[in-house]
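Trainee: fold the following, please.
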Amino acid sequence: MSFPRLLPILFIFAIFALAVSEAYSEGYVYRVDSMNFTVYFDGVVDAKVKLSVNETYLFFTVGLPGSPFSNLMVYDSSGVPLDFDVEDGNVTVYSFGENLVYVEYETLNLTYKEGVLWTFKVEAPVDFYVVLPYNASITGFSDVPLEVALLKDGRMLVKMPKGLQYVSYVIPPGIAEFRLKALNAISKARSAIADAKAEGRTEGLEDAESLLAEAESLFNGGDYRGAENRAEQAYSVAVKARKPLIGVVLDYMPYIAVITVLAVAAVLFLRFRRGGLARLIRENPWLDEDEKNVLKVVWVKGGGAFESDIREALDLPKTTVWRIIKKLEEDGLVKVEKIRGENYVKLAKR
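Mentor: Model (predicted):
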């Protein structure tokens, strides 16, 4: 068949292809690109969803698993928040031409517990990742995982295929207790080192600081018993630290006396300004355990910590940590600053 005779056929085919393409374009509103879930020890799930959106739509409605939600946030690829409405588990997002939309929220409705057995269950339109709580041991799957990995902090990462899937796991008893014991030991060691420096007992203090650094590293890696052990060693070494022996010429005694007086005054001034964690807690007997633990984390981090670090150290949901920090700020015990868009919590100067 000659090319001129093919032209009408090609023209009809092009029109048909264009019509199909337009029909598909008009029918495409959004696609779920990825879904990631982080499960905490108390069953709270932090969900993150990435959506590709048809730019021709000013708004769209998406159903998200785990309704009702809390701390729901919707933003574009630049991190700018987008307006939205929530009704019956459906979220209507006013995207106004954005082609990428990110949704984050927390929910208690993707996990349930029977005895000591926890189960995370979700129906996802795409393959998804789920991060299990610290020291969780997997007992069963609905399907063979696509991937299982161990994160640097010791938590288990599981990739599951799309569809209705579940992951069952157990958390050994006492994990939260081990974390707090390690946290207390680190706080105690840090205070002992600070006191030794203030008193000029620097001989052997480098070993104490090295042990404390190991304890903090083990704690961040999820080895709480190891962290507690190293912190106790650091405390013992710091307590035994001594002042260095220095030969002093008698001619310089007046200068030494003046320097000694000034040093003592500086130490007393710094102690007065800095105070101590035990003193801070003692002066505020109404603090509950969660509030004390938040103060301990900030103290362990050197007097300042990001809200995400506090949440990670105590393994608590965002809403809980935010409420505690807000209460401590109202009581004048901490100050909150914004650094790179994240809350940075500092002990208030007293």
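Trainee: ok, Phe37 - contacts?
Mentor: 45-48, 110, 120, 122, 128-131 (CB atoms under 8 Å, 6 or more residues apart in numbering). Every residue, glycine included, has its C-beta placed from N, CA and C.
Trainee: one more: Ser67?
Mentor: Applying CB under 8 Å, 6+ apart, the residues contacting Ser67 are 88-89, 107, 109.
Trainee: for it, which three-state class applies?
Mentor: With DSSP: H, G, I helix; E, B strand; the rest coil as the basis, Ser67 sits in coil.
Trainee: all helices of the protein, in order?
Mentor: For the chain, applying DSSP state H gives helices covering 3-27, 175-198, 205-220, 224-240, 253-274, 277-283, 289-300, 307-314, 318-330.
Trainee: what's in contact with the shortest one?
Mentor: The set of residues that contact helix 277-283 without belonging to it, under CB under 8 Å, 6+ apart, is 187, 191, 287, 292, 295-296, 299, 333, 347, 350.
Trainee: related to what we said a few turns ago, what about the contacts of Phe37, which are in strands?
Mentor: The subset of these located in strands under the criterion DSSP state E comprises 45-48, 120, 122, 128-131.
Trainee: would a markdown table of the residues you listed with distance to Ala149 be doable?
Mentor: Putting these into a markdown table (distance: CB to CB, whole Å) gives the following:
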| residue | distance to Ala149 |
| --- | --- |
| Val45 | 19 |
| Asp46 | 18 |
| Ala47 | 20 |
| Lys48 | 18 |
| Phe120 | 17 |
| Val122 | 19 |
| Phe128 | 14 |
| Tyr129 | 10 |
| Val130 | 12 |
| Val131 | 10 |
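Trainee: now flag whichever of these is closest to Arg230.
Mentor: Val131 (26.1 Å; CB to CB).
Trainee: quick one: pLDDT of the closest one?
Mentor: Listed pLDDT for Val131 reads 95.
Trainee: likewise for Leu6?
Mentor: 57.
Trainee: ok, now Ala189?
Mentor: In this model, Ala189 carries a pLDDT of 93.
Trainee: how near is it to Ala196?
Mentor: 11 Å (CB to CB, to the nearest Å).
Trainee: equivalent analysis for Val45, please.
Mentor: According to CB to CB, Val45 and Ala196 sit 44 Å apart.
Trainee: ok, now Glu216?
Mentor: Look at Glu216 and Ala196: by CB to CB, they are 18 Å apart.
Trainee: could you do Thr107 as well?
Mentor: 47 Å.
Trainee: one more: Lys292?
Mentor: Taking CB to CB, one finds Lys292 at 24 Å from Ala196.
Trainee: the residue nearest to Ala149 when sequence neighbours are not counted: what's it in contact with?
Mentor: Once flanking residues are discounted, Ala149 sits nearest to Leu157: 4.6 Å by CB to CB, 6 or more residues apart in numbering. By CB under 8 Å, 6+ apart, the contact set of Leu157 is 129-132, 147-151.
Trainee: give me the pLDDT for Leu157.
Mentor: For Leu157, pLDDT reads 96.
Trainee: in the sheet, who's paired with it?
Mentor: Note on Leu157: beta-bridge partners by DSSP bridges are Val131, Ala149.
Trainee: ok, it to Ile138 distance?
Mentor: Distance from Leu157 to Ile138, by CB to CB: 11 Å.
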